[in-house]
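Novice: Any chance you can model this:
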Amino acid sequence: MKDALTDAVRELGFDCYAYLNIQPVRTTAISNYRHEWQQRYFERGYKDIDPVVMTARARMEAFTWAPESPRKLSSRVRAFYAEAGDWGIRSGITIPIRTAFGHMSMLTVASHKPSVSLEHDIDQLAAVTAVALLHAKLEQHQPEPTASARVELTARQALCLKWSAEGKSMKAIAAIEGMSFATVNFHLNNARKALDAGSLPQATALATKLKLI
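Specialist: Next up is the predicted model:
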């Protein structure tokens, strides 16, 4: 599938692609960007300042992008664009779609060119349909991401969540681990917040799915 994406993107006249699945507790990428750039992107928290991601969240429609006038950008965003340009990522087209539970996925095709044209370079309706089908296929097969950023739990948060996932009450967890009830409640509540979960059962389900426990 990754090879097919690479071939399709090059046939369209672009250099590379990046599929992002953005969720509150985990963002994953499947991309043929250079591995070093993908690592830096997540390690430096670029997903939180990336203007492409921000525009995708706000517009939810296909759009072109390229660096704006430097005077309109913060120093951190200017540095981000400059670094991306060093890796040959200077312009592109991004197609975002809504996914389950209000989450978002987006496919970006990028170029070393200074600019691209949405009207001439891609069919918007076909692109949105293709990205929706791509998302469904990736969800079905769950391929290994090429890069990801995920929430981290402390050892005690993970331990308490693991016991909770096995059906133990907070009182039982306190007795098993030699903690006070208040301490168990503290760790479970912080774990729930870290996972952006509305309830303890949802937190244990998310932590299990993400293989945190």
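
Novice: So which residues of the chain form helices?
Specialist: With helices called from DSSP state H, the chain shows them at 2-11, 35-43, 51-59, 75-86, 118-121, 124-141, 155-165, 170-177, 181-194, 200-209.

Novice: Point out the most buried one among those helices.
Specialist: helix 155-165 (a mean of 20; mean count of other CB atoms under 10 Å). Placement of C-beta: from N, CA and C, glycine included.

Novice: Let me see the residues that make contact with that helix.
Specialist: 153, 170, 172-173, 176-177, 184, 187-188, 190-191, 194, 200, 203-204, 207-208, 212-213 (CB atoms under 8 Å, 6 or more residues apart in numbering).

Novice: Report the contact partners of the nearest residue to His141 once chain neighbours are set aside.
Specialist: Nearest in space to His141, with sequence neighbours left out and distances taken as CB to CB, 6 or more residues apart in numbering, is Met1 at 7.4 Å. Residues counted as contacts of Met1 (CB under 8 Å, 6+ apart) are Lys137, Leu138, His141, Pro143.

Novice: so the second one touches Tyr19, yeah?
Specialist: Yes. Here Leu138 lies in contact with Tyr19, judged by CB atoms under 8 Å, at a distance of 7.1 Å.

Novice: Now list whatever residues contact both of the two.
Specialist: Shared contacts of Leu138 and Tyr19, counting by CB under 8 Å, 6+ apart, come down to Ile30.

Novice: which residue sits closest to Lys137 in space, ignoring its chain neighbours?
Specialist: Per CB to CB, 6+ apart, closest to Lys137 is Met1, 7.0 Å.

Novice: Out of the helices of the chain, which is closest to Ile93?
Specialist: Among those, the nearest to Ile93 by CB to CB is helix 118-121 (6.0 Å).

Novice: what's the average pLDDT for the closest one?
Specialist: For helix 118-121, the mean per-residue pLDDT is 64.

Novice: Lowest average confidence across helices and strands of the protein, where is it?
Specialist: None of the helices or strands of the chain scores lower by mean pLDDT, DSSP states H and E than helix 118-121, at a mean of 64.

Novice: residues contacting Val109?
Specialist: Applying CB under 8 Å, 6+ apart to Val109 gives the contacts Val9, Leu12, Phe14, Cys16, Tyr17, Gly92, Ile93, Ile122.

Novice: repeat that for 6 Å
Specialist: Val109 makes contacts with Val9, Phe14, Tyr17, Gly92, Ile93, as judged by CB atoms under 6 Å, 6 or more residues apart in numbering.
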